Structure formats: structure tokens, C-alpha cells
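Novice: Turn this into a structure:
(4 chains)
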There are 2 protein chains.
Amino acid sequence: MYLRYMEGLDESGQQTASSDELAQLCGTTPAQVRKDLSFFGSFGKRGLGYPVHELTEHLREILGLGHAWQVVIVGAGKIGSALAEYRGFRQRGFEVVGVYDKNPDKIGLPWGSSTVRDIALLAEDVKERKVDIAVIAIPSDDAQDVVDRIVSAGIRAILSFVPTQLHTPPHIAVKTVNMAMELEGLSFALTNRAD
Amino acid sequence: MYLRYMEGLDESGQQTASSDELAQLCGTTPAQVRKDLSFFGSFGKRGLGYPVHELTEHLREILGLGHAWQVVIVGAGKIGSALAEYRGFRQRGFEVVGVYDKNPDKIGLPWGSSTVRDIALLAEDVKERKVDIAVIAIPSDDAQDVVDRIVSAGIRAILSFVPTQLHTPPHIAVKTVNMAMELEGLSFALTNRAD
DNA sequence: CTACCTTTGTGAAGTATTTCACAAGCCCCC
DNA sequence: GGGGGCTTGTGAAATACTTCACAAAGGTAG
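Specialist: Model (predicted):
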């Protein structure tokens, strides 16, 4: 989050930013900003604030964004499609190098400059070309099987749009995005707000 | 999350579930499950566990899912499109009643049984037909303007796919889904994992 | 009806996170 | 070069969250 706003400030040419300013941008508190950043080092100058450009670089380094990551998308449906075309990915150094599906009707369909490939080919493909992250946008029922394929292919990070708990070995990094759950959170807020 | 798994157990016909079983499903601990549920009431039976069907109903009630919520989608791009067709929404009682955009090229395009409407018409439309939640999938630059329109139209909950902090009055419920940020979290995990 | 096995609900203890508050450091101006 | 106004970095205090551990029930079998 800090990186997002630092990039914005950097583009706008601002030289320094105080923890107060960052806190306002991010919707948090100055003390929180300082504690968070201090965990990784001492980036600010007392009396001045944080040097915008320098901190941006530091954050990128910390997050491991110094080089491009290779991403495959599994699930050639609507969501997978939207993701594959999402410009934010490439912009931030995530390169979509392949799209896979289980469904024979979808395998072989054109997809950008390539085609949708059979999920069964994933393990082989990964041998040829390094893949760092798999994004899965598939039905819940197929998810565990696909995750197992991903893991045994040697991919160690998964971004999941599947609304069920996935079973993975501990060395696999998993992040889940669950839109239905977010909406239900809003439903709760609407129902229980103090009027 | 509990609701998700309770529904699954209910469909499979299971009568009761222990905190231990729920914890395994959800990837948490039995104590956590019991504390969480106890916040809302005393649903279990000692020695037996939680009655699956009954708890499912309770959770739905707690989350305010007793009736359908009316949702509009703002942003007729790829992501908005994927969202509008996402079956999970309707399945869980979220009804998409309109799609809006700012871009004149997109306004008027057919969309399901309706068409994409001008965001400027939102306030009027809301007077005719109650809208509970706005989902925004638009460029960052347009976001604050659109949010202001949504808020002044009287909508009190927003699900945002915009990667910037939105400025809203405190009585508005906002949830943000930020895919780039999730990927960067994976990048961090891959970079800093203990090998 | 009692003994015993199971599992909840929950204070208390243990961790983790956030906020406070202030010394230390930097810059600028006189 | 020294004083004053800012702002960081960080221990300590406050708050929040998670886990422990056990009494209180419910069920069952004999």
C-alpha cells in the first residue's frame, strides 16, 4: 500500500513525504506508518520526512519487485480473461506467460498471441520456462486437483479466486480473493450499522 | 467463511459439526471457532457440536443475508463484465440491477437484458429503485468522482476494485479488492521465504 | 440412575499489534 | 554558529486478538 502511494507521489515530483502525509493517504496513523517502515530500516530524515523516490525504490526491493515474475492463469473463463488483460499486472512486473484450462472445449482456443493449453501440460511447460506464480480462477470442485498439479509442477505461489479453503504444503504461498465474502461483509455492515 | 463451509456440510446432509471439524475445514483452530461463534450467541450443544442446518440459518441471519441486496456495477470494462456475469453473486442473494459507465462510447451498449447507463443518471435511478451496494471497477483517476456520486445518491456500501484509497464519509461501508497488491504479497513471500 | 466420554462456552494467560510520547536529529534562518 | 521548529525512530503503555484449560452440559450405555 505504501508503495502504491509513494509511486504516485514520485510521479507527481514530490521530493519528501512525512509519516503524517502518508498516513492520510493510506487511511492510517502516522505512528503506524513509522513503525511499519522502521521494521525494514531507517528510511526517513528527522525534521524532513521520507525521501519519496528513494523510499519507493526501497519498497520495491523489499517486496521483491526488482525483476519480472512469470505468471500463469488457470481457468479460461470470464474472470481469467479479465485478469489476463488486466494492465495493472504487466505494469507492475507480472508477466502472463500462459493460460490453462481443464475443459476440452476451451483448450486450443486462441488467447492473445497464444492459445489456451491443457492443464495436464503445465508440469512439462514449467520445465521449459520458469513459472513463479499461478492464478486460479476455476470452479471450486476442480480447485484442489488443479492446486495439486500446480504444486507438483514446482510453482510456489498461488493467487486464488476460488471460494474454498485450499490444502497446500506449508512452503507454498497462497493468497485468496473472495468477492462473495467481501459482499457478505458489506451486507453485515449494512445490517448492523448504527443508525 | 464459516457460512461457506456450513452450507457445504448442510448440503451433504451432515447433522452436526464440532469446532474441531470446522477448524480443520477453515484452516484455523477449534478455540478460534468457538470464540468467534460465541460472540454472536451460544449455538452449540456440549458433547455434540454445532447443529449444521440451524447454525447455517443463524449465520445467514447475522450476515444480513435474509433478503436480496440490490447491486449496481460501475465500470463496463472487462472486470465489470466478469463481475456482472459471476453466478456467485445472484446465488448468494446479490442482484445486479444496473451497469453504469462514464465513457460515452460505452453508454448505451447492450448489457444482458438492459444497457449500460450514464453514471450521471445514477442518482435519479436510485430514487426509483432502491440500490444497496455499488461495485466499482473503473480507472483510479475516475474513482473519487464516481464515489462522490454514489455517496450523494444515497448508496451506503461500496465494493471497490480500484487500487487507491477512497475518501468516504464514515457511515459508508467500503471493501477493497486489490489484485496487484495480492500479487505483490506473493512476490514478497517468494523473495523472503526461508529456503 | 450413574459413570464416563465428548464437546461447548468462557475467564484467564499469553501474544501480537497499535498508539503514545519523547529524545534525537535535521534543516533553516538569523 | 546557535536557537527554534519539525519529524523521525522507538521503548513503553495500551489495546486487541488468540490460545489455554477447565467447569458445565449433553449423550449414552450398562
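Novice: from chain A, which residue is nearest to DNA strand C?
Specialist: Residue nearest to DNA strand C within chain A: residue A:47 (2.5 Å; CB to the nearest atom of the strand). Where you see a C-beta, it was placed from the backbone N, CA and C, and this is true even at glycine.
Novice: SS state for that residue?
Specialist: At residue A:47 the chain is in coil, as set by DSSP: H, G, I helix; E, B strand; the rest coil.
Novice: Counting neighbours, what do you get for it?
Specialist: Residue A:47 has 6 neighbouring residues, counting by other CB atoms under 10 Å in any protein chain shown.
Novice: same deal with residue A:49?
Specialist: If you count neighbours by other CB under 10 Å, residue A:49 ends up with 19.
Novice: Was I right to think it contacts residue A:9?
Specialist: No. Counting by CB atoms under 8 Å, residue A:49 stays clear of residue A:9, with 10.6 Å between them.
Novice: so what's in contact with the two at the same time?
Specialist: Among the neighbours of residue A:49, those also in contact with residue A:9 (CB atoms under 8 Å, 6 or more residues apart in numbering or on different chains) are residue A:17.
Novice: can you list the residues of chain A near DNA strand D?
Specialist: Proximity of chain A to DNA strand D, by CB under 7 Å from any atom of the strand, involves residues A:17-20, A:30-31, A:34-35, A:37-38, A:42-50.
Novice: Point to the residue nearest the middle of chain A.
Specialist: Closest residue to the average C-alpha location of chain A: residue A:159 at 6.7 Å, with CA atoms, centre = their mean.
Novice: On the three-state scheme, that residue is what?
Specialist: Residue A:159 ends up strand, using three-state DSSP.
Novice: got the contact list for it?
Specialist: A:133-136, A:174-177, B:179, B:182-183, B:186.
Novice: Output the lowest-mean-pLDDT helix or strand in chain A as PDB, nothing but the C-alphas.
Specialist: In chain A, no helix or strand scores lower on mean pLDDT, DSSP states H and E than helix A:87-91, which sits at a mean of 85. Extracted C-alpha coordinates of helix A:87-91, given in PDB (Å, rounded to 0.1, in the frame of the first residue of the first chain):
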ATOM      1  CA  ARG A  87      -2.900  -3.900 -17.500                       C
ATOM      2  CA  GLY A  88      -2.000  -3.500 -13.900                       C
ATOM      3  CA  PHE A  89      -0.300  -6.900 -13.900                       C
ATOM      4  CA  ARG A  90       2.200  -6.200 -16.600                       C
ATOM      5  CA  GLN A  91       2.600  -2.600 -15.400                       C
END
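Novice: Flag every buried residue along that helix.
Specialist: Going by neighbour count (16 or more other CB atoms under 10 Å in any protein chain shown), the buried part of helix A:87-91 is residue A:89.
Novice: go on, stretch A:85-105?
Specialist: For stretch A:85-105, the neighbour count (16+ other CB under 10 Å) marks A:86, A:89, A:92-94, A:96-103 as buried.
Novice: next one: that stretch to chain centre, how far?
Specialist: 12 Å (CA atoms, centre = their mean, to the nearest Å).
Novice: now do stretch A:65-84
Specialist: The answer for stretch A:65-84 is 10 Å, by CA atoms, centre = their mean.
Novice: is it up against chain B anywhere?
Specialist: Yes. Using CB under 8 Å from any CB of the partner chain, stretch A:65-84 reaches chain B at A:65, A:69, A:71, A:78-79, A:81-83.
Novice: Residue A:185: neighbour count?
Specialist: Neighbour tally, residue A:185, other CB under 10 Å: 16.
Novice: Excluding covalently adjacent residues, which one is nearest to it?
Specialist: Take residue A:185 and drop its neighbours on the chain: the residue closest to it by CB to CB, 6 or more residues apart in numbering or on different chains is residue B:175, 5.6 Å away.
Novice: and if you look at residue A:138?
Specialist: Distances taken as CB to CB, 6+ apart put residue A:75 closest to residue A:138, at 3.9 Å, once the chain neighbours are dropped.
Novice: Name all residues that make contact with the one you found.
Specialist: If you count contacts by CB under 8 Å, 6+ apart, then residue A:75 has A:100-101, A:136-138, A:161 around it.
Novice: do residue A:4 as well
Specialist: By CB under 8 Å, 6+ apart, residue A:4 lies in contact with B:163-164, B:181.
Novice: Over to residue A:38?
Specialist: By CB under 8 Å, 6+ apart, the contact set of residue A:38 is empty.
Novice: and it, what pLDDT?
Specialist: We have a pLDDT of 97 for residue A:38.
Novice: Now do the buried residues in the helix or strand it falls within.
Specialist: Assessed by DSSP states H and E, residue A:38 sits inside helix A:30-40. Within helix A:30-40, the residues that count as buried by 16+ other CB under 10 Å are A:33-34, A:37.
Novice: top strand in chain A by residue count?
Specialist: Longest strand of chain A, by residue count under DSSP state E: strand A:94-101.
Novice: which residues touch the next helix or strand after that one?
Specialist: Next in sequence after strand A:94-101, counting helices and strands by DSSP H and E, comes strand A:110-111. Applying CB under 8 Å, 6+ apart, the contact partners of strand A:110-111 are A:76, A:84, A:99.
Novice: if I look at the last one, how far off is residue A:121?
Specialist: Right, the one you point to is residue A:99. Using CB to CB, to the nearest Å, residue A:99 is found at 12 Å from residue A:121.
Novice: The first one too?
Specialist: Plainly put, residue A:76 is 14 Å away from residue A:121 if you go by CB to CB.
Novice: Those two: who's more crowded?
Specialist: Using other CB under 10 Å as the criterion, residue A:76 and residue A:121 rank with residue A:76 on top: 24 against 13.
Novice: So the more buried one is in contact with residue A:116, correct?
Specialist: Yes. Under the criterion of CB under 8 Å, residue A:76 makes contact with residue A:116 at 4.6 Å.
Novice: Report how many residues lie close to residue A:6.
Specialist: Using other CB under 10 Å, residue A:6 has 25 other residues around it.
Novice: For residue B:119, see how far away it is.
Specialist: 30 Å.
Novice: Before I go, just wanted to say thanks for your time.
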